[in-house]
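[1] 3D, please:
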Amino acid sequence: MNWLSNLYVVAALWAFDLTPAQGQLAGHGGPVRAIAISSDGNNALSGSFDTSAIRWSLKTESAEQVLRFHSDAVNAVAFLKDGRMATAGADARIAIWTPGREQPDQVFEGHLAPIVSLAVSPDGTRLATASWDHTVGVWSLAGGASQVLKGHTQNVNGVAFSADGQSLVSVGYDRELRIWPMVAGTPDVVLLPSPLNAVAVAPDGEIVTGGGDGKIRLLTSDSRETGEVQAGSTPIVALAMSADGTLIAATGIGGGVSVIDRKARSIVQALATQGAPIWSVAFLPDNATLLTGGADGRIRRWNARTGDPIGSSLRDAQSDPLAPYAGDRGAEVYRACVACHTLSAKEPQRAGPTLDGLFGRRIASLPGYRFSDALTKMDIVWTPETVARLFELGPNTYTPGTKMPEQRIGSVEDRKALTDFLGRATLGRR
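    Next comes the predicted model:
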């Protein structure tokens, strides 16, 4: 398993312990894993750890549609040329949506592990996917046959079509950058010094990839290395390129966004994100406005050329949901769970089911939440003892097949404090 596989755990620990600058689009109950912008710049599409995607109006800064289909994190999103949308996630499925419809028009299946990146061909007829099953998928949006491109030996983390659509670039944890011809042929393979997590292609064909060493590397369309930029000290999580190809935005797991002048090979701005993990980034068509998706579930707007936030000058009004329990040891142990679970059914759903009325409830029985199939077959009733056992052994051992991030509580005293707190905080809060 590579470091990127553990980001879900990192996200759970960060989500409500932040006070970053301006909040623009608030609606997700977990980290914003992906952002796409419509060609006219009027809409954004975001995917989140909370298993949903949201289509936003950037004019009114409001959610226009919540897309619920995936049973796990939505890791990749895209607008299609015909105005429809694509979402893909950790459930290894791709869904094609028409705006306003509650269910997908079409679902593509075939990958055997999470999908983490999507790309749309320049002519709009094909969709490419990068998966942790070590393959690249190429899907026909016009009813043709799909392709599976094999060659990577570890997780594939990014895909991008060339500007002319004649080739497809993929990058993976195996340190390989592969350039696949879209007609029959052998891919060009470049072995780079670091695991690769994201890729983008400029209008002039130059390839940009971000690695686990915090570096941006640039290559020609025929795979010759032409330069590099140290974008940060931590692994690159996501990349975006302005439509005119002049600017690159790179986000790191340690927090922050570097804006890079592609021709000068230099950092021109560093956004003041106060160290908060930024999971996703996208440019608007004006080549200057940038959207970032944070671990706190919010999307923020920035001027990429000046580094200034755009919008309200007020800090987020988001309050700490555990403020009423200040000084309670059990509440502090529970804090790592806040990203995914609410204590009351009155609060908006997050990535996991609400814990309201938890004790006495059978596992995977809460109406309205899509549980992993494996959990529905288990005979567990949640009590202080079973919750303590869950965190003693870890979710993967006690409830195999769960979507819950792996975490353990080694201290008997802390497990007791947590279950005592849950008994008080989740009883009768409906």
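
[2] mind listing the strands for the stretch 251-400 of the chain?
    Taking DSSP state E, counting those that start in this stretch, the strands of the stretch 251-400 of the chain run over residues 257-261, 266-271, 278-283, 289-294, 298-303.

[3] any chance of the ones you listed in TSV, plus mean pLDDT, mean neighbour count and distance to T354?
    To be clear about C-beta, it is placed using only N, CA and C from the backbone, and glycine gets the same treatment. Listed next are the strands of the stretch 251-400 of the chain as TSV, based on pLDDT from 0 to 100; neighbours: other C-beta atoms under 10 Å; distance: least, C-beta to C-beta, whole Å:
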stretch	mean pLDDT	mean neighbour count	distance to T354
strand 257-261	96	22	33
strand 266-271	93	17	34
strand 278-283	94	25	24
strand 289-294	93	26	23
strand 298-303	92	23	21
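
[4] possible to save those strands as CSV with distance to P324?
    Formatted as CSV, the strands of the stretch 251-400 of the chain follow (distance: least, C-beta to C-beta, whole Å):
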stretch, distance to P324
strand 257-261, 34
strand 266-271, 33
strand 278-283, 29
strand 289-294, 25
strand 298-303, 23
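
[5] mind checking the ones you listed for the one nearest to F161?
    With C-beta to C-beta as the criterion, F161 lies closest to strand 278-283 of the strands of the stretch 251-400 of the chain, at 16.5 Å.

[6] okay, that closest one in CSV with CA atoms only?
    What follows is strand 278-283, C-alpha atoms only, in CSV (Å, rounded to 0.1, in the frame of the first residue of the first chain):
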residue,chain,number,x,y,z
ILE,A,278,-5.7,20.7,0.1
TRP,A,279,-6.9,17.6,-1.9
SER,A,280,-8.0,19.1,-5.2
VAL,A,281,-7.5,22.2,-7.4
ALA,A,282,-8.9,23.5,-10.6
PHE,A,283,-8.5,26.7,-12.8
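
[7] so what strands line up beside it?
    Next to strand 278-283 in the sheet, as set by DSSP bridges, lie strand 289-294 (antiparallel).

[8] OK, contacts around the nearest residue to V229 once chain neighbours are set aside?
    Leaving aside its chain neighbours, V229 sits nearest to I216 (4.5 Å; criterion: C-beta to C-beta, 6 or more residues apart in numbering). By C-beta atoms under 8 Å, 6 or more residues apart in numbering, the contact list for I216 reads V208, T209, G210, E228, V229, Q230, A231, I236, L239, I248, A250, I260.

[9] secondary structure element holding the residue nearest to the last one when sequence neighbours are not counted?
    Nearest residue to I260 in three dimensions, chain neighbours excluded: I248, at 4.3 Å (C-beta to C-beta, 6+ apart). Element membership for I248 (DSSP states H and E) is strand 247-252.

[10] show me what that strand is packed against.
    Counting contacts by 3 or more C-beta pairs under 8 Å, 6 or more residues apart in numbering; DSSP states H and E, strand 247-252 packs against strand 236-241, strand 257-261, strand 278-283.

[11] how about these, which one is nearest K416?
    strand 278-283 (34.1 Å).

[12] how far off strand 266-271 does the closest one point, in degrees?
    Interaxial angle of strand 278-283 relative to strand 266-271 (axes from the mean of the first three to the mean of the last three C-alpha atoms, to 10 degrees): 120 degrees.

[13] buried residues, stretch 416-430. List them.
    By neighbour count on 16 or more other C-beta atoms under 10 Å, the buried set for stretch 416-430 is K416, A417, L418, T419, F421, L422, A425, T426.

[14] so how many other residues sit close to the nearest residue to the fourth one once chain neighbours are set aside?
    Going back to what we said before, that points to T419. In space, and not counting its chain neighbours, T419 is closest to P384: 3.9 Å by C-beta to C-beta, 6+ apart. By other C-beta atoms under 10 Å, the residues close to P384 number 16.

[15] would you mind measuring from P384 to G423?
    For P384, the distance to G423 (C-beta to C-beta, to the nearest Å) stands at 6 Å.

[16] so what sits against both of these two?
    Shared contacts of P384 and G423 (C-beta under 8 Å, 6+ apart): F359.

[17] how many other residues sit next to M241?
    23.

[18] list the contacts for it?
    A200, V201, A202, V208, L247, I248, A249, R262, F283 are the contacts of M241 under C-beta under 8 Å, 6+ apart.

[19] was I right to think E228 contacts K215?
    Yes. Between E228 and K215 there is a contact under C-beta atoms under 8 Å: 5.2 Å.

[20] circling back: now the residue nearest to I260: how far from R298?
    Counting by C-beta to C-beta, the gap from I248 to R298 is 23 Å.

[21] kindly report the same for V229.
    28 Å.

[22] which strand or helix spans R33?
    Secondary structure from DSSP H and E places R33 in strand 32-37.

[23] for that strand, name the packing helices and strands.
    strand 43-48, strand 74-79, strand 278-283, strand 289-294, strand 298-303.

[24] at 7 Å what do you get?
    Secondary-structure packing of strand 32-37 (3 or more C-beta pairs under 7 Å, 6 or more residues apart in numbering; DSSP states H and E): strand 43-48, strand 74-79, strand 278-283, strand 289-294.

[25] quick check: closest non-adjacent residue to G211.
    In space, and not counting its chain neighbours, G211 is closest to S194: 3.6 Å by C-beta to C-beta, 6+ apart.

[26] my read: the one you found touches R175, true?
    Yes. With contacts counted by C-beta atoms under 7 Å, S194 reaches R175, the gap being 6.4 Å.

[27] which strand residues bridge the nearest residue to T226 once chain neighbours are set aside?
    Nearest residue to T226, sequence neighbours excluded (C-beta to C-beta, 6+ apart): L218, at 5.0 Å. Counting by DSSP bridges, L218 is bridged to V208, G227.
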